[in-house]
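Enquirer: Provide a 3D model corresponding to the input given below.
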Amino acid sequence: MNVKSFISVLLATVVIITSASALQPRAASEDCKYFKETGHYVCGQFLRYYRAKGGLEIFGYPLTESFPDPTHNGMTVQYFQRARMEIHPTSAGEKIMLGLLVDELGYSFPPAGPDQIPPANTASHHYFPETEHVVSHAFLEAFRNKGGLEIFGYPRSEFFFENGAVVQYFQRQRMEWYPDRPAGSQIQLTNVGEAYLEAFDIPGNYDDPVPPPGRSRAGDRANPTATAAGESCRYFAETGHYVCEAFLDYFQARGGLEIFGYPLTEAYNDPDRGGLHVQYFQRMRMELHPHPEGGHHVLLGLLVDELGYSFPPATEDQIPASNSATHHYFPETQHVVSHAFLDAFRDKGGLEIFGYPRSEFMYEDGHIVQYFQRARMEWHPKSDPDSLIQLTNLGETYLERFEIPRSYQQPQAPGRVGTGSAPASEGDGEGAVIALEVTASVQRAIIGPRGDQTVYVHVTSQQGQPVQGASVAAMVRYPGRSQGLEFPATNERGFTKVTFEPHPSPPGKKVVIKVTALYQGLTDSTERSFLRWH
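Expert: Numbering: from 1, shown residues only. The predicted model follows:
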């Protein structure tokens, strides 16, 4: 692809789609995922947000393509079974926010009565004066563990009985409580996105299903380059293993490398667990279980329990008088979680990720640690605030202690679906570029009314090696207009640059440059900005 063609492709991806002709198969390089269940793509910013904030559990399947919505001031939006994603401009560029569907559907309830408002917020009750409602018990736990205000908004009701279930309304969602289900799945979200689309018309035919990758509307033969592996698997060169399908969705939605580490095996059917489909990571084991309502869902193995770690229950003087923001007693296992360990437990997934505690925090091997059914936490007080608590590699410990078929631990070659059925040949894929990393910088962070600007770009592989011959283009976004830039191909050190004359723009307003690189069908993007000053 020459540079001008690449510029054209890049321009096409940033122009807002305004006609029905947009409903066509997406190119594999567009960073998209196709959901055959509803026949829609999720791409770019929407896909990254979807994966980072909970995936299927929080949003459900897409019900439309993304489109500029004239009923919401022309914002680019996309509807899902349980939400509407919206792209909002901010001072730093653009940001995804979720629509207030419950508010727009007109649900309204009286404020909490004086006898319902707790005297103080605790681990089991929280009063929100912004909407004058209280969130309690399992609803509060789900609110905190699954995204808080960003995902749910403020409460619009207390919990109450409706249509055979105990429910609670929030600005963006409606929760239902099912006490007979396993811990971590007792709160279910309802399909408010579907309810909205049934109540209101949307413009155009953006809710029409579109063809899957490699097929046209007429059902042409699939493009042989649009492989299933590229759509549903990710290869980790660091350990030589693939993560695919439901395991990949769960990995991306529940914390990625920070929570799970790198994969240590391929996925396989484990005869020691009744043929359950499993995959080992440095810190966890994923398991694919039948869902009571049909299909399957991912649960994490109880590695600490299986490794035999056991500790005495909390003593009477260790049990807090009541649960609070800094202490929580779990009667299920008779242990207490406190301070930074409790913050990490709540912020990083709660019972679903860690299970119940198996110890109090204690000193072990030079660290303050605490054991849970599925993980072991370590406190690192000299780390930055976001990494005070780190998870240890229990998956590695398990594989060292218990035998599994070695063929599933053998590294796989990149470029094919890794099933674990056969080990990769020695040296397969060595040096292969399977992912790009793009960094960029500008010569001047602030420029005057006249003068040139230079953008420097560096393209490397997944192993940090320079990539020569990558095509690079950029889109410069000013208030109300854009400017495309052409770069030379990257040199042997992976570098390229371009000098250009910026268009006039208001003083003090940020000018954003989005840089995109293309190499052998792989793409990556980054953004930099500068200020115009008069």
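Enquirer: could you use CA atoms for every contact and neighbour count after this?
Expert: Noted.
Enquirer: span of stretch 155-174 from start to end?
Expert: 9 Å (CA to CA, to the nearest Å).
Enquirer: so the spatially closest residue to residue 179 that is not a sequence neighbour versus residue 163, what's the distance?
Expert: Nearest non-adjacent residue to residue 179, counting by CA to CA, 6 or more residues apart in numbering: residue 186, 5.6 Å away. Counting by CA to CA, the separation of residue 186 from residue 163 is 17 Å.
Enquirer: which one's more surrounded, the two?
Expert: residue 186 (16 against 6; other CA atoms under 10 Å).
Enquirer: for that one, list the residues it contacts.
Expert: By CA atoms under 8 Å, 6 or more residues apart in numbering, the contact set of residue 186 is 138, 177-180.
Enquirer: so what's residue 528 bridging to?
Expert: With DSSP bridges as the criterion, residue 528 is bridged to residue 513.
Enquirer: begin at 627 from now on, thanks
Expert: I'll keep to 627 as the first residue from here, and by that count the last item is residue 1154.
Enquirer: show the pLDDT at it.
Expert: Per-residue pLDDT puts residue 1154 at 85.
Enquirer: need the contact list for it.
Expert: Taking CA under 8 Å, 6+ apart, one finds 1066-1068, 1138-1140 in contact with residue 1154.
Enquirer: between those residues, which sits nearest residue 1003?
Expert: Nearest to residue 1003 among these, counting by CA to CA, is residue 1066 at 35.9 Å.
Enquirer: quick check: which element contains the closest one?
Expert: Secondary structure from DSSP states H and E places residue 1066 in strand 1062-1068.
Enquirer: which residue ranges of the stretch 727-876 of the chain form helices?
Expert: 727-730, 763-771, 774-778, 818-825, 854-858, 871-879 (DSSP state H, counting those that start in this stretch).
Enquirer: rebuild the ones you listed as CSV, extending it with mean pLDDT, distance to residue 1105 and mean neighbour count.
Expert: Output for those, formatted as CSV (pLDDT from 0 to 100; distance: least, CA to CA, whole Å; neighbours: other CA atoms under 10 Å):
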stretch, mean pLDDT, distance to residue 1105, mean neighbour count
helix 727-730, 94, 30, 18
helix 763-771, 92, 37, 19
helix 774-778, 95, 27, 18
helix 818-825, 91, 32, 17
helix 854-858, 47, 35, 16
helix 871-879, 90, 34, 19
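Enquirer: same list (those helices) but as TSV, adding distance to residue 1151.
Expert: Formatted as TSV, those follow (distance: least, CA to CA, whole Å):
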stretch	distance to residue 1151
helix 727-730	32
helix 763-771	30
helix 774-778	25
helix 818-825	30
helix 854-858	18
helix 871-879	19
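Enquirer: nearest to residue 1019, out of these?
Expert: helix 871-879 (15.8 Å).
Enquirer: who's in contact with the closest one?
Expert: Residues from elsewhere that reach helix 871-879 (CA under 8 Å, 6+ apart): 676-681, 858-860, 883, 886, 912, 923-924.
Enquirer: C-terminal to it, what's the next element?
Expert: helix 882-886.
Enquirer: which element follows that following helix toward the C-terminus?
Expert: Immediately after helix 882-886, counting by DSSP H and E, sits strand 894-896.
Enquirer: which helix or strand lies directly C-terminal to that following strand?
Expert: Following strand 894-896 in sequence, per DSSP H and E, is strand 902-906.
Enquirer: and that following strand, what does it pack onto?
Expert: Using 3 or more CA pairs under 8 Å, 6 or more residues apart in numbering; DSSP states H and E, the elements in contact with strand 902-906 are strand 894-896, strand 911-916.
Enquirer: which of these is buried the deepest?
Expert: strand 911-916 (a mean of 19; mean count of other CA atoms under 10 Å).
Enquirer: what lines up beside the helix or strand following it in the sheet?
Expert: The helix or strand immediately downstream of strand 911-916 is strand 922-926, counting by DSSP H and E. Applying DSSP bridges, strand 922-926 is found paired with strand 911-916 (antiparallel).
Enquirer: where does the stretch 977-1126 of the chain dip in pLDDT?
Expert: For the stretch 977-1126 of the chain, the stretches flagged by pLDDT under 70 are 1041-1058, 1089-1090.
Enquirer: what are the ranges of the strands in it?
Expert: 988-990, 993-997, 1002-1005, 1015-1017, 1062-1068, 1072-1073, 1079-1087, 1097-1104, 1107-1112, 1121-1126 (DSSP state E, counting those that start in this stretch).
Enquirer: can you list contacts of the first one?
Expert: Translated: strand 988-990. In contact with strand 988-990 (CA under 8 Å, 6+ apart) are residues 994-996.
Enquirer: now do the buried residues in it.
Expert: Neighbour counts over strand 988-990 (16 or more other CA atoms under 10 Å) mark no residue as buried.
Enquirer: how far does it sit from the chain's center?
Expert: 33 Å (CA atoms, centre = their mean, to the nearest Å).
Enquirer: partner strands of it and their direction?
Expert: Counting by DSSP bridges, strand 988-990 is paired with strand 993-997 (antiparallel).
Enquirer: next: the third one.
Expert: Taking DSSP bridges as the criterion, strand 1002-1005 pairs within the sheet with strand 993-997 (antiparallel), strand 1015-1017 (antiparallel).
Enquirer: could I get the contacts of strand 988-990 as TSV with distance to residue 958 and neighbour count?
Expert: Shown next, in TSV, are the contacts of strand 988-990 (distance: CA to CA, whole Å; neighbours: other CA atoms under 10 Å):
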residue	distance to residue 958	neighbour count
994	23	15
995	20	22
996	16	23
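Enquirer: packing partners of the helix or strand where residue 667 lies?
Expert: Using DSSP H and E, residue 667 falls within strand 666-669. Strand 666-669 makes packing contacts with strand 658-661 when contacts are defined by 3+ CA pairs under 8 Å, 6+ apart.
Enquirer: hey, C-alpha coordinates of the strand it packs on in CSV?
Expert: Extracted in CSV, the C-alpha atoms of strand 658-661 (Å, rounded to 0.1, in the frame of the first residue of the first chain):
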residue,chain,number,x,y,z
CYS,A,658,-12.8,-4.6,15.3
LYS,A,659,-14.6,-7.6,16.8
TYR,A,660,-17.5,-9.1,15.0
PHE,A,661,-20.4,-10.5,17.2
